[in-house]
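Undergrad: Sequence plus predicted model, see below.
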Amino acid sequence: MVIGGNVATPWSVLDAIDHSIEQYRLYMLNAQVGVPERPGVTVETSFVGPGMRHHPALSYVPSRLSMAPLLFKQSLPPDVVVLHCAPPREGMLSLGVEVNILPAAVEACRARGGLVVAVINAHMPYTFGDSQIPLDLVDLAVEIDVELPAARPGVVDDDSLAIADRIAAMIDDGATLQLGIGVVPDCTLQALTVRRGLRVWTEMFSDGLLDLDDAHALDEEHPITASFCFGSRRLYDWLDGNPRVRMMRTEKTNSPALIAANRAMTSVNAALEVDLFGQANASRINARIHSGYGGQTDFIVGALHSAGGQAFIALRSWHPRADVSAVVPLLDEPVTSFQQTAVVTEQGVARLWGFDEKTQARHLIENAAHPRVRAELWEEAKELGLT
């Protein structure tokens with residue numbers, strides 16, 4: 001069974017299914033807390049959310065997000081797909097805030113005679129693009145009346161503001177943006193409100209986009225393209241029936257070729273740690289899967305092939321909870337991405353693209369690493385042949 005993740009999970013329907021079927025496999029992307037945990041339920045995903053991160057029966061299927069829809073045609077054919085939709089308009093339902101891999105799941109499910117269920121909710125904003133689903137593709141409709149969850153804004157601190165200001169200073173008028181969820185992306189968008197003619201081609205967006213729109217920083221003649229979103233009720237109301245927004249399937253939003261076709265494509269992604277070779281880990285902690293590739297590799301490759309494009313990794317130089325440096329000599333964990341334009345921390349900007357490996361390492365130590373570990377990193381760099 002495939003069902004929407006993020007804030008698009010219809011929990012009451014999932015609960016009814018869980019009470020009706022003894023054994024099943026459940027595929028969701030970025031599942032939130034509430035996923036059934038009992039014998040007989042196996043959870044599958046290519047991007048692990050908090051609802052699956054510690055699940056006792058997690059089956060992680062590594063995949064770049066642009067490739068994930070192909071899984072439904074090959075190794076993970078769905079028998080049931082559950083969609084969370086806005087009420088129909090002119091005979092078309094809308095997937096609202098979550099398009100993602102769902103159109104591909106519907107196609108694969110119908111091709112093998114499976115069941116497509118539409119959960120219709122008046123609180124779901126109606127969006128256009130690949131989110132629109134003809135009624136005749138649905139076998140069963142269920143009506144609910146449930147408000148969508150709102151994303152909780154993070155705490156803005158000095159480090160987040162410093163990182164955001166550094167990134168914004170490297171983005172010019174007319175750039176095309178991809179930013180994720182979190183304090184740093186939202187602070188970056190706030191810092192970009194003085195720009196003009198900005199475009200958006202992204203995997204997802206949140207309330208930070210409203211700051212750009214309110215400031216008239218966006219190119220209003222060009223559509224905002226995304227695959228899913230979550231935020232406040234204000235965001236959902238702005239999204240409802242908004243013709244400027246195209247919610248597209250993952251194969252399009254995350255296609256490196258389509259990403260590269262955008263002018264000055266600028267990708268900003270997070271990581272757990274980076275090493276002196278410029279490699280980033282955004283997926284694992286102590287060999288345990290934390291999230292997954294997501295769209296990071298798709299957008300880094302696409303952005304670097306865009307005319308005037310840039311790809312940034314943004315992170316704090318020091319992990320306060322673990323009390324360790326985020327810049328390490330050599331990754332112990334699998335690499336998530338490689339060869340971005342620069343790594344940005346509150347300490348500065350470490351430029352990577354176009355420099356030899358020794359210069360890259362020097363930039364990371366001098367401009368991105370926390371001062372507490374720079375001497376140690378220089379010693380490790382020597383051992384690694386990077387000095």
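TA: Noted; the coordinates are in hand.
Undergrad: and residue 370, how many neighbours does it have?
TA: Residue 370 has 18 neighbours, counted by other CB atoms under 10 Å. All C-beta atoms are positioned from the backbone trio N, CA, C, and that covers glycine.
Undergrad: How about the contacts made by it?
TA: With contact set as CB atoms under 8 Å, 6 or more residues apart in numbering, residue 370 has these partners: 317, 318, 325, 326, 327, 345, 347.
Undergrad: mind listing which of those residues are in strands?
TA: Those of the contacts of residue 370 mapping onto strands are 318, 325, 327, 345, per DSSP state E.
Undergrad: can you list the domains in this structure?
TA: 2-144, 158-383 (automatic domain parsing).
Undergrad: for the chain, where's the lowest mean pLDDT among helices and strands?
TA: strand 284-285 (a mean of 86; mean pLDDT, DSSP states H and E).
Undergrad: Pairing partners for that one, with directions?
TA: Applying DSSP bridges, strand 284-285 is found paired with strand 288-289 (antiparallel).
Undergrad: pLDDT averaged over the strand it pairs with, what's the number?
TA: Averaging pLDDT along strand 288-289 yields 88.
Undergrad: Residues contacting that strand, please?
TA: 48, 53, 58, 60, 283.
Undergrad: helices or strands up against the helix or strand just after that strand?
TA: Later in the chain than strand 288-289, the nearest helix or strand by DSSP states H and E is helix 296-304. Counting by 3 or more CB pairs under 8 Å, 6 or more residues apart in numbering; DSSP states H and E, the packing neighbours recorded for helix 296-304 are helix 256-260, strand 265-270, strand 310-314.
Undergrad: So for residue 95, which of these sits nearest?
TA: Across the helices and strands packed on helix 296-304, residue 95 has its closest neighbour in helix 256-260 (19.6 Å, CB to CB).
Undergrad: Report the buried residues of the closest one.
TA: In terms of neighbour count (16 or more other CB atoms under 10 Å), helix 256-260 has its buried residues at 256, 258, 259, 260.
Undergrad: what does it rub up against?
TA: Outside helix 256-260, the residues touching it (CB under 8 Å, 6+ apart) are 66, 178, 201, 252, 265, 267, 298-299, 301-303, 305-306, 309.
Undergrad: Quick one: buried ones out of those residues?
TA: 66, 178, 201, 252, 265, 267, 298-299, 301-303, 306, 309.
Undergrad: biggest helix in this protein, by residue count?
TA: The residue-count maximum for a helix in the chain (DSSP state H) belongs to helix 158-169.
Undergrad: which helices and strands does that one pack with?
TA: Applying 3+ CB pairs under 8 Å, 6+ apart, we find helix 158-169 packed against helix 183-191, strand 310-314, strand 342-345.
Undergrad: hmm, who's touching that helix?
TA: Under CB under 8 Å, 6+ apart, the answer for helix 158-169 is 154, 183-184, 187-188, 190-192, 268, 312, 314-316, 344-346, 348-349.
Undergrad: Filter those down to the buried ones.
TA: Buried among the contacts of helix 158-169 (16+ other CB under 10 Å): 183-184, 187-188, 190-192, 268, 312, 314-316, 344-346, 348-349.
Undergrad: Tell me which residues touch residue 17, please.
TA: Residue 17 is in contact with 1, 24, 80, 82, counting by CB under 8 Å, 6+ apart.
Undergrad: Go ahead and list the helix or strand containing it.
TA: helix 11-20.
Undergrad: Quick check: buried residues in that helix?
TA: Per 16+ other CB under 10 Å, helix 11-20 contains these buried residues: 13, 14, 17, 18.
Undergrad: what separates the closest residue to residue 298 other than its chain neighbours from residue 297, distance-wise?
TA: Once flanking residues are discounted, residue 298 sits nearest to residue 254: 4.2 Å by CB to CB, 6 or more residues apart in numbering. Residue 254 sits 9 Å away from residue 297 when distances are taken as CB to CB, to the nearest Å.
Undergrad: With neighbour numbers in mind, choose between those two.
TA: Legend: neighbour count by other CB under 10 Å for residue 254 and residue 297, higher for residue 254 (28 against 22).
Undergrad: Touching, the more buried one and residue 225? I think so.
TA: No: Residue 254 is beyond contact range of residue 225, at 10.9 Å (criterion: CB atoms under 8 Å).
Undergrad: Centre of the chain to the helix holding residue 17, how far?
TA: 27 Å (CA atoms, centre = their mean, to the nearest Å).
Undergrad: Check which element follows it along the chain.
TA: Assigned by DSSP H and E, the successor of helix 11-20 is strand 24-27.
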